[in-house]
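> no letters, just coordinates:
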């Protein structure tokens, strides 16, 4: 583990690598990406305290990386801390407002929580940025008549 943390500390000094969401395979923030991946694995194993600790460490090491905030949002949502999850999605979107993947992830969260209008607004923002983003058309279609355009 000391090697992992050393890599993450080094990575915290580097620029965010852009449109990727906290990944082990890409970008200069590999150490932070590994922390995020481990947090997601812990979350899948229902080790929420471990997932929370890892994601908090990642966000301290690379606070300007939107992927760590997406992971923190997923951890918060897993324990139904919805306001905290929403705050983390908003933080990620503020760091990369033109990233359709972040807007779609936030939209999925809103849709799953029953906020159809909020989801539609986020999906529409993503569509303006990249109308051909994979899965976006299906999400918009799934909302169907639940939201009228003037409600967004």
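The structure has been received and is ready for your questions. Everything numeric here is computed off the predicted structure, so don't read it as measured data.
> next SSE downstream of the lowest-mean-pLDDT helix or strand in the chain?
Least confident element among the helices and strands of the chain, by mean pLDDT, DSSP states H and E: helix 2-12 (a mean of 36). Downstream of helix 2-12, the first helix or strand assigned by DSSP states H and E is helix 30-44.
> elements contacting that following helix?
When contacts are defined as 3 or more C-beta pairs under 8 Å, 6 or more residues apart in numbering; DSSP states H and E, helix 30-44 sits against helix 2-12, helix 48-61, helix 66-78. (Each C-beta comes from the backbone N, C-alpha and C, glycine too.)
> among those, which is nearest residue 98?
helix 66-78 (11.1 Å; C-beta to C-beta).
> can I get the helices and strands packed on helix 30-44 in JSON lines with mean neighbour count and distance to residue 31?
Below are the helices and strands packed on helix 30-44 laid out as JSON lines (neighbours: other C-beta atoms under 10 Å; distance: least, C-beta to C-beta, whole Å):
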{"stretch": "helix 2-12", "mean neighbour count": "15", "distance to residue 31": "3"}
{"stretch": "helix 48-61", "mean neighbour count": "20", "distance to residue 31": "8"}
{"stretch": "helix 66-78", "mean neighbour count": "25", "distance to residue 31": "12"}
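> quick one: the residue minimising distance to the centre of the chain and residue 97, what's the gap?
Residue closest to the average C-alpha location in the chain (C-alpha atoms, centre = their mean): residue 70, at 2.3 Å. As judged by C-beta to C-beta, to the nearest Å, residue 70 and residue 97 stand 14 Å apart.
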